[in-house]
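Student: model the following, please.
(one chain, ligands or ions: 1)
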Amino acid sequence: MNLFRKHAPGVFSREGGVDMTQSSQLLRHRRSVMDQISAAAVAYNQDFTHKTILVGDSGVGKTSLLVQFDQGKFIPGSFSATVGIGFTNKVLAVDDLKVRLQIWDTAGQERFRSVTHAYYRDAQALLLLYDITSKSSFDNTRAWLTEIHEYAQDDVVIMLLGNKSDMASARVIRREEGEKLAREYGVIFLETSAKTGLNVDEAFMTVGKELVRRSVQLPVEHRFHLHDVMPPEKEPSVCCSFR
Ligand SMILES: Nc1nc2c(ncn2[C@@H]2O[C@H](COP(=O)(O)OP(=O)(O)OP(=O)(O)O)[C@@H](O)[C@H]2O)c(=O)[nH]1
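Tutor: Predicted structure coming up:
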């Protein structure tokens, strides 16, 4: 004989302590919460493009990283510095959401710096690269971070990337030094290789996830509060009635 009779969640017999009117109200409220979550997700999918900017000294591999992420390839050979600025659109799948990134590749050369500053203001994410084989590019990240704090929004997602990790024999910056600097500034850190593709997708996915975490939860127009839709009723502590 079956001593425990299972009920659908939230449906309790009168003896169990919740009447049917209350339980159907509860179900309606739950449905309403789910509808709001889906609406927020749909609105997110339709509305949001996140401006993401690659910054760092000339030659650290910003263009190469973007080409690797976008086309899955590395073009070796002579280095030609980026002049001005350009962007690539990419869509990432983060859970059930589409995260649209508009990724801007900036010129690292000093003479283009004032142009780059203008793009910081409406950026939601910044990937700051240094080259693990170049001490000056690592040292300059502090100046880049100062600029970022000066020109970018307060809640911008910042990721520090130690690129060219494939060049082990030429390495002059240890991974721990990168990690330490990232901790100091409270930013996310990864070592990447635009050549082998190591951690390239991961870097952009990490940014995408962080953007979703902030965007879905934070914008006022898409916020929902459980307390607005759920009555402050007590949930019964038992789930099943005994017969
Ligand atoms: N081995 C190795 N070489 C890389 C890597 N990333 C970039 N390079 C090389 O480094 C040089 C500079 O790369 P770019 O991508 O042009 O650098 P950038 O940061 O865009 O430079 P600017 O446009 O001047 O700001 C090129 O010769 C690339 O082939 C990497 O991960 N590993």
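Student: where does the chain have low pLDDT?
Tutor: Scanning the chain for pLDDT under 70 picks out 1-23, 26-27, 29-47, 78-79, 83-84, 115, 216-243.
Student: one more time with 80, if that's ok
Tutor: Where the chain drops to pLDDT under 80, the residues are 1-48, 77-86, 108-118, 215-243.
Student: got the residues of this protein near the ligand?
Tutor: Within the chain, the residues that sit near the ligand (Cβ under 6 Å from any ligand atom) are 58-64, 76, 79, 81-82, 107-109, 163-164, 166-167, 193-195. (Glycine included, C-beta is placed from N, CA and C.)
Student: sec struct for residue 52, please.
Tutor: Under DSSP: H, G, I helix; E, B strand; the rest coil, residue 52 falls in the strand class.
Student: which residue packs closest to it, ignoring adjacent ones?
Tutor: Of all residues not flanking residue 52 in the chain, residue 125 sits nearest, at 4.2 Å (Cβ to Cβ, 6 or more residues apart in numbering).
Student: OK, contacts around that neighbour?
Tutor: Taking Cβ atoms under 8 Å, 6 or more residues apart in numbering as the criterion, residue 125 is in contact with 50, 51, 52, 53, 101, 156, 157, 158, 159, 207, 210, 211.
Student: could you find the closest non-adjacent residue to the first one?
Tutor: The one in question is residue 50. For residue 50, ignoring the flanking residues on the chain, the nearest one in space by Cβ to Cβ, 6+ apart is residue 124 at 4.3 Å.
Student: quick one: contacts for that neighbour?
Tutor: Contacts here follow Cβ under 8 Å, 6+ apart; on that basis residue 124 touches 50, 51, 52, 153, 156, 157, 211.
Student: got a winner among the residues you listed for most neighbours?
Tutor: residue 52 (26 neighbours; other Cβ atoms under 10 Å).
Student: for stretch 107-123, which residues meet the burial criterion?
Tutor: By neighbour count with 16 or more other Cβ atoms under 10 Å, stretch 107-123 contains the buried residues 107, 108, 112, 116, 119, 120, 123.
Student: which strands border the helix or strand hosting residue 189, and is each parallel or antiparallel?
Tutor: Following DSSP states H and E, one finds residue 189 within strand 188-191. Strand 188-191 sits in its sheet next to strand 157-163 (parallel), going by DSSP bridges.
Student: restrict the strand it pairs with to CA atoms and write it as CSV.
Tutor: C-alpha atoms of strand 157-163 as CSV (Å, rounded to 0.1, in the frame of the first residue of the first chain):
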residue,chain,number,x,y,z
VAL,A,157,33.6,45.1,-17.1
ILE,A,158,37.4,45.0,-17.3
MET,A,159,39.5,42.0,-18.2
LEU,A,160,43.3,41.9,-18.2
LEU,A,161,44.8,39.6,-20.7
GLY,A,162,48.4,38.4,-20.9
ASN,A,163,48.7,37.6,-24.6
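Student: quick one: list the elements packing against the host helix or strand of residue 211.
Tutor: Assigned by DSSP H and E, residue 211 belongs to helix 200-217. In terms of contact count using 3 or more Cβ pairs under 8 Å, 6 or more residues apart in numbering; DSSP states H and E, helix 200-217 is assigned the packing partners helix 20-47, strand 49-56, helix 62-71, strand 85-94, strand 97-106, strand 125-131, strand 157-163, strand 188-191.
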